[in-house]
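>>> Just need the structure, nothing else, for what follows:
(2 chains)
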Amino acid sequence: QKEVEQNSGPLSVPEGAIASLNCTYSDRGSQSFFWYRQYSGKSPELIMSIYSNGDKEDGRFTAQLNKASQYVSLLIRDSQPSDSATYLCAAPIYNFNKFYFGSGTKLNVKP
Amino acid sequence: GAGVSQTPSNKVTEKGKYVELRCDPISGHTALYWYRQSLGQGPEFLIYFQGTGAADDSGLPNDRFFAVRPEGSVSTLKIQRTERGDSAVYLCASSRSSSSTDTQYFGPGTRLTVL
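Presented below is the predicted three-dimensional model:
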């Protein structure tokens, strides 16, 4: 099992729909989780971080964390074509500062 | 304010050559990370600095790779005897501290191509 796993996609959703991106992680002791967005040819940029069980909302984005299931998700409401990118899930695994990234889920929002 | 900068943006070299990749972190950030990203993959951890010292270099693939941060700011990733398999985008990130909850801010990356 990889330390952080994501479905590579592509995930296609119509404009205005909700996009749901999922991530699982291997270390039950991990405490912090990050979602990054990466446009093609660009570097990752932070979308959201989450540290506590439950939901965290920021504008059109909601991060959900379930530590018992070792599962993190990102919901994007009212998806826009500009949201089309690869979304990376990241967490420190087994080591306080050594971050592991998933392979990313490619999202395609169709106009 | 200025973000993380990396130079060069692109580097093409021949197999067996030596290369240096530079990272200038956000001013005041004490933690600095190097990652390598291959096509279709997420960033892969290489090494992490807290201040001047390499706190964790467990991600360096072999002894051809070395990184320094002599004054606790700018860092250089050095690759000796480059191989074609070293071709990738090398990303640098910095964070305010070494806390696992601090956001890592990424630079634009250096695309290394080994012919």
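
>>> What parts of chain B come near chain A?
For chain B, the contact set with chain A under C-beta under 8 Å from any C-beta of the partner chain comprises B:31, B:33, B:35, B:40-45, B:48, B:50, B:55-56, B:58-59, B:91, B:98, B:100-101, B:103-109. The way it works is simple: take the backbone N, C-alpha and C, and place the C-beta from them, glycine included.

>>> Narrow these to just the buried residues.
When neighbours are counted using 16 or more other C-beta atoms under 10 Å in any protein chain shown, the residues of chain B next to chain A contain these buried positions: B:31, B:33, B:35, B:42-45, B:48, B:50, B:55-56, B:59, B:91, B:98, B:100, B:104-109.

>>> In strands, which of the residues you listed fall?
Those of these mapping onto strands are B:A31, B:Y33, B:Y35, B:E44, B:F45, B:Y48, B:Q50, B:A55, B:D56, B:L91, B:Y105, B:F106, per DSSP state E.

>>> Compute the distance between the first one and A:R60, please.
It refers to B:A31. The spacing between B:A31 and A:R60, counted by C-beta to C-beta, to the nearest Å, is 30 Å.

>>> What's the local residue count around B:S9?
For B:S9, the tally of surrounding residues (other C-beta atoms under 10 Å in any protein chain shown) stands at 11.

>>> May I have the beta-bridge partners of A:T105?
A:T105 has these beta-bridge partners by DSSP bridges: A:Y87.

>>> A:G9 is in contact with that one, correct?
Yes: counting by C-beta atoms under 8 Å, A:T105 touches A:G9, with 4.6 Å between them.

>>> Compare neighbour counts for those two and give me the winner.
Neighbours per residue, other C-beta under 10 Å: of A:T105 and A:G9, the larger number sits with A:T105, 22 against 15.

>>> Contact partners for that one?
Under the criterion of C-beta atoms under 8 Å, 6 or more residues apart in numbering or on different chains, the contact list for A:T105 reads A:Q6, A:N7, A:S8, A:G9, A:P10, A:L11, A:L21, A:N22, A:T86, A:Y87.
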